[in-house]
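Asker: Fold the following for me, if possible:
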Amino acid sequence: MKFSFVAVIAVLLLPQFLFAQEEKKVQELEELEVVVTKLNRYYVDSTNVYISREEIEAMQPDDLGEILKKVPGVNVKSYGGLGGLKTISVRGLGGQHTNLIVDGFLHHQTQTGQVNMGAIQMDVIEKVQVQRGGTSELLVPPSAQLAGNVIALETFLNTSPKIPLQQKLISKFGSFGQIDQHYLLKIGNSKVYGGGYLKYRTAHGAYPYSIMNYQTVEKGIRKNNDFTDLNGGFNMRVHPVKNHQFNFFTTYLSSYQGIPGSIVFYNDLAKQKLSNQNLQIKGDYQGKVSIFNYRLHYAYTADSLFYYDPDYLNAAGELKAIYLNKMHDIGLNISFKAGKLVTFNAGTQGLFSRLNSNQLTEIVPQRQHFFSYFKTYFHYKKWEVVGQIGHQHVTELTQSKTHSKLNPFVEAKWSITKQITLVTYYRNSFRMPNFNELYYSSVGNLNLKPEEANQVSFGLSTTLLDRNRIYLGFQANGYFQRIDNMILTIPTKNLFVWSIQNIGKNQVTGADLIASLSWNFAKRWSLQTTINYTYQQSLDISDKNSPSYRNLVAYSPEHISNMDLSIQYHKFGIRVSSFHSSHRFALNENIAANRIAGFSSYDLSVFNRFEIDKNNAIRLQLTVKNFTNAWYAYVKNFVMPGRHFLFTFVYEFI
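Answerer: The predicted structure is shown next:
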């Protein structure tokens, strides 16, 4: 009873979200490291958010989407729990304005234009970095240098082994039939090493739900939510001579899952299935010659989707839709210093995409997309100024049409003291229509223009305390942005005939706050806490005569907060994590019928680490997710799971 009382008080008075902030140190290429962790501190960076492996383990997320919902300024749309589709927007920009970078390579899908964050599993991920506005690393490809925002992941395969043979075995068992087995291996040394991983995951996904349908409470079991996936990869890194290295990666994902509809008015006897296979082959060469650092990369991706509906109402009595999206990605980055004060970066990249489908019998969508940029860094005493001009040139080979656009970016940073930093930036970016928006059935529109975004941000970060036993940091950001030529799907002739058009305009005004505390308050005792809050007013300003004019954009809550608490004694710890969202609307017209209620959810974790010797350890963790058993939804009528459990066993030979 005493523990329960303390846990409840902790939830109500001092919950927090604890994402690891890391102190960023830019180093020479021969070190081949960009970010160094500041241990036992949660550093508040002026523009970026870092999430370490330790924090990923503490949160035990099902996927990347569950991690990102904890980041200030990020809004997640989730269509269900484990295995469900998850998409994001960052500071009001849709997911197609955000680049996902994995080990320095672009992770992209031209058919839909964005990545399903629910398909990115976290056991192999060592570090997550969310870059809001600008990016400065040499190893990031040119497409990310020009993107509105960047999410950069570093995997287990991309770091040198700590010992000649490094292994990790992860076993998870959870509610709704979840079984998750994962093996990771690295062998070699800092000169030459290789590694690999293999993961199998399955769940029947049939969870109970309760939902208010107008004035009636409906209860039932969520069906058609099963999935099975197999995920694996391997890599090799070679340093032939000093300051030069070659990297090779191969990853493969195969998944097979049911497709649940909305809770209200959906057929729970439906048998639709979706199968996905994704193969990636990637390699790069990094080197330094005299004052020049460079990186040359190439990646090939083959992403296939197979949708099957055995009860489709057509002459055949079934629907088999097959899509194969192939992409080639090649790029070059160069950096060099001109004296002590100025550094120049430049790069070029080409993306070549092709989509084959039995649903597109008359056309084969093909695209050439070229990125280039030139960037100047100026650093003098307490000032850092970045100026960049980028250019994108896109050729739609299917239509023989081209788009060409300049993308300026400028950032200024003033370190008033060692503890206080001010930063401001302006960025222009755009995103191309995806192949579905251009060519899909009778809905696609061949005349779509790219969406264009302009962002302005101003931020303050400060370290209030930084001593041997206590760290306290704070960050505040305000931002304004406008998106023109937004691509929207609207009814035209009637409710059954829709089309995709460039008629949207969106204005976003927002602010986010982060406060982070780490305190070693007694021998072997420590406390970590972070509170973050996001205010975001994302308004539809498309048409003054529309009933939705200056209404909140669909699925954009005004208020989101994350508040967690972690207390640890030596290797044993307890963590309470919370997430709070205000109401949102299912459509741009903010009327009662479209309103989705706000909600709060809480997770509780208990974990311990047993060190067998200096290289062997076992970690055990029990996580109770949504322990208050709240019934809520991100997307209308797609209710999330209630209370559920996850047990994790990790054996590390490191």
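
Asker: which stretches of the stretch 501-650 of the chain form strands?
Answerer: Assigned by DSSP state E, counting those that start in this stretch, the strands in the stretch 501-650 of the chain fall at 525-540, 559-569, 572-581, 584-585, 595-596, 599-611, 616-625, 633-635, 638-639, 644-653.

Asker: residues in contact with the fourth one?
Answerer: Right, the one you point to is strand 584-585. Outside of strand 584-585, the residues within contact range by C-beta atoms under 8 Å, 6 or more residues apart in numbering are 551-552, 554-557, 591, 594-596, 598, 634. C-betas here are computed from N, CA, C, even on glycine.

Asker: Pull out the buried residues from these.
Answerer: When the contacts of strand 584-585 are checked for burial by 16 or more other C-beta atoms under 10 Å, the buried set is 551-552, 554-557, 594, 596, 634.

Asker: just to revisit the earlier point, including mean pLDDT, could the strands of the stretch 501-650 of the chain go into TSV?
Answerer: Formatted as TSV, the strands of the stretch 501-650 of the chain follow (pLDDT from 0 to 100):
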stretch	mean pLDDT
strand 525-540	93
strand 559-569	93
strand 572-581	95
strand 584-585	92
strand 595-596	92
strand 599-611	95
strand 616-625	96
strand 633-635	90
strand 638-639	87
strand 644-653	95
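
Asker: and of the ones you listed, who's closest to Val76?
Answerer: Closest to Val76 of those is strand 633-635 (C-beta to C-beta; 6.7 Å).

Asker: What helices and strands are in contact with the closest one?
Answerer: strand 74-78, strand 595-596 (3 or more C-beta pairs under 8 Å, 6 or more residues apart in numbering; DSSP states H and E).

Asker: What is the burial count for the closest residue to Asn616 other than its chain neighbours?
Answerer: Using C-beta to C-beta, 6 or more residues apart in numbering and skipping residues adjacent in sequence, the residue nearest Asn616 is Phe653, 5.6 Å away. Phe653: 15 surrounding residues under other C-beta atoms under 10 Å.

Asker: Please report phi then psi for the residue of the chain most remote from its centre.
Answerer: Relative to the C-alpha centroid of the chain, counting by C-alpha atoms, centre = their mean, Ala315 is the outermost residue, at 41.2 Å. When read as degrees, to the nearest 10, the backbone of Ala315 gives phi -60, psi -40.

Asker: Enumerate every residue touching it.
Answerer: Ala315 touches nothing, counting by C-beta under 8 Å, 6+ apart.

Asker: Tell me where the stretch 101-250 of the chain has helices.
Answerer: 142-145 (DSSP state H, counting those that start in this stretch).

Asker: need the strands for it, in chain order.
Answerer: Assigned by DSSP E, counting those that start in this stretch, the stretch 101-250 of the chain shows strands spanning 105-107, 125-132, 149-155, 165-174, 178-188, 192-203, 208-213, 216-221, 227-238, 244-258.

Asker: Any idea which of those gets closest to Ile514?
Answerer: Closest among these, once you apply C-beta to C-beta, is strand 125-132, at 11.8 Å.

Asker: and the angle from the closest one to strand 74-78?
Answerer: Orientation check (axes from the mean of the first three to the mean of the last three C-alpha atoms, to 10 degrees): strand 125-132 against strand 74-78 gives 120 degrees.

Asker: got the angle between strand 125-132 and strand 149-155?
Answerer: Using the same axes, to 10 degrees: strand 125-132 against strand 149-155 is 170 degrees.

Asker: In its sheet, which strands sit next to strand 125-132, and in what direction?
Answerer: Neighbouring strands of strand 125-132 in its sheet, by DSSP bridges, are strand 48-52 (antiparallel), strand 149-155 (antiparallel).

Asker: average model confidence for the longest one?
Answerer: So that's strand 149-155. The predicted model gives strand 149-155 an average pLDDT of 92.

Asker: Then the first one?
Answerer: Averaging the model's pLDDT scores along strand 48-52 yields 84.

Asker: so after that strand, what's the next helix or strand?
Answerer: Counting by DSSP states H and E, the next helix or strand C-terminal to strand 48-52 is helix 53-59.

Asker: list the contacts for the closest residue to Leu139 other than its chain neighbours?
Answerer: Closest residue to Leu139 apart from its sequence neighbours, by C-beta to C-beta, 6+ apart: Gly104 at 4.6 Å. Gly104 makes contacts with 139-141, 158, 284, 295, 297, as judged by C-beta under 8 Å, 6+ apart.

Asker: biggest separation within those residues, which pair?
Answerer: Counting by C-beta to C-beta, the most remote pair of those is Pro141 and Asn158, 14.8 Å apart.

Asker: Is it correct that the residue nearest to Asn616 is in contact with Asp613?
Answerer: No: under the criterion of C-beta atoms under 8 Å, Phe653 makes no contact with Asp613, lying 9.9 Å away.

Asker: circling back to that earlier point, dump the strands of the stretch 101-250 of the chain into TSV; add distance to Ser581 and mean neighbour count as well.
Answerer: Listed next are these as TSV, based on distance: least, C-beta to C-beta, whole Å; neighbours: other C-beta atoms under 10 Å:
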stretch	distance to Ser581	mean neighbour count
strand 105-107	27	23
strand 125-132	18	22
strand 149-155	20	23
strand 165-174	24	17
strand 178-188	25	18
strand 192-203	25	19
strand 208-213	17	14
strand 216-221	21	10
strand 227-238	25	18
strand 244-258	26	18
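
Asker: out of those strands, nearest to Thr98?
Answerer: So among the strands of the stretch 101-250 of the chain, strand 149-155 is nearest, using C-beta to C-beta, at 4.5 Å.

Asker: Restricting to C-alpha, output the closest one in CSV.
Answerer: C-alpha atoms of strand 149-155 as CSV (Å, rounded to 0.1, in the frame of the first residue of the first chain):
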residue,chain,number,x,y,z
ASN,A,149,13.0,18.6,-40.2
VAL,A,150,15.1,15.5,-39.7
ILE,A,151,14.9,12.4,-37.5
ALA,A,152,18.3,10.7,-37.4
LEU,A,153,18.7,7.2,-36.0
GLU,A,154,22.0,5.3,-35.2
THR,A,155,21.8,1.6,-35.0
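
Asker: Can you name the residues in contact with it?
Answerer: Residues outside strand 149-155 that contact it (C-beta under 8 Å, 6+ apart) are 64, 68, 90-91, 93, 97-103, 120, 124-133, 135, 137, 140, 144.

Asker: rerun that using 7 Å as the cut-off
Answerer: Contacts of strand 149-155 with the rest of the structure, by C-beta atoms under 7 Å, 6 or more residues apart in numbering, involve 90, 93, 97-103, 124-133, 135, 140, 144.

Asker: Tell me which helix or strand comes right after the helix or strand containing Tyr323.
Answerer: Element membership of Tyr323 [criterion: DSSP H and E] is strand 319-338. Once strand 319-338 ends, the next helix or strand along the chain (criterion: DSSP H and E) is strand 342-357.
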